[in-house]
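**Q** show me the folded form of this:
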Amino acid sequence: MGKSKCKCGLKCILLFLVGACVYYNAEICFRGYSHWTMALLGGALFLAIGNINEKNAASKNMPLPFQGLLAAAFITASELAAGIILNVWLDLNIWDYSDLPFNFLGQICLRFSLIWIAVGIIAVVLDDYLRYLLFDEEKPKYRIIS
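**A** Predicted coordinates for the structure are as follows:
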């Protein structure tokens, strides 16, 4: 196994753990509880969101608010998939948005989809700075408008 593959694996593990810990602890701070599956979801989402602007030159020039919108769409879709599996099929009842307006199956709702935009922007910036500070990647630069 080459050094670059080992470094890439270490980077992915570290970024996954950061996302898992931040998401899990944020839920505890805001809701008073969480479930271990939310740590897994948070870690996976942090890796995916971090890759929004890592793959090609066009996405590196994407305005930060648009990155937040993409992240929010991905988080919402992932929350729906996880909710259907964990809450509906497995009946774990980890969350239920049924009492909130504009919800779908009680698993996603407009209010949280809008919150995910800000969370997505924070995740993009945190990922970029972790890559810059810990893995000597390019210093982040952001555009607000196109």
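
**Q** lowest-confidence helix or strand of this structure?
**A** Scoring the helices and strands of the chain by mean pLDDT, DSSP states H and E places helix 57-60 at the bottom, with a mean of 60.

**Q** the helix or strand that that helix is followed by - contacts with which helices or strands?
**A** Under the assignment DSSP states H and E, the closest C-terminal helix or strand after helix 57-60 is helix 64-83. Applying 3 or more Cβ pairs under 8 Å, 6 or more residues apart in numbering; DSSP states H and E, one finds that helix 64-83 contacts helix 36-50, strand 108-109, helix 110-135. Backbone N, C-alpha and C define where each C-beta goes, glycine included.

**Q** so which of those is the most surrounded?
**A** Using mean count of other Cβ atoms under 10 Å, the stretch among those with the greatest mean number of neighbours is strand 108-109 (a mean of 22).

**Q** tell me which strands it pairs with, and in which orientation.
**A** Strand 108-109 has the following sheet partners, assigned by DSSP bridges: strand 103-104 (antiparallel).

**Q** how far does the strand it pairs with sit from the chain's center?
**A** For strand 103-104, the separation from the chain centroid amounts to 20 Å (computed by Cα atoms, centre = their mean, to the nearest Å).

**Q** closest one to Leu14 among the helices and strands packed on helix 64-83?
**A** Evaluated over those, closeness to Leu14 peaks at helix 110-135, with 7.1 Å, by Cβ to Cβ.
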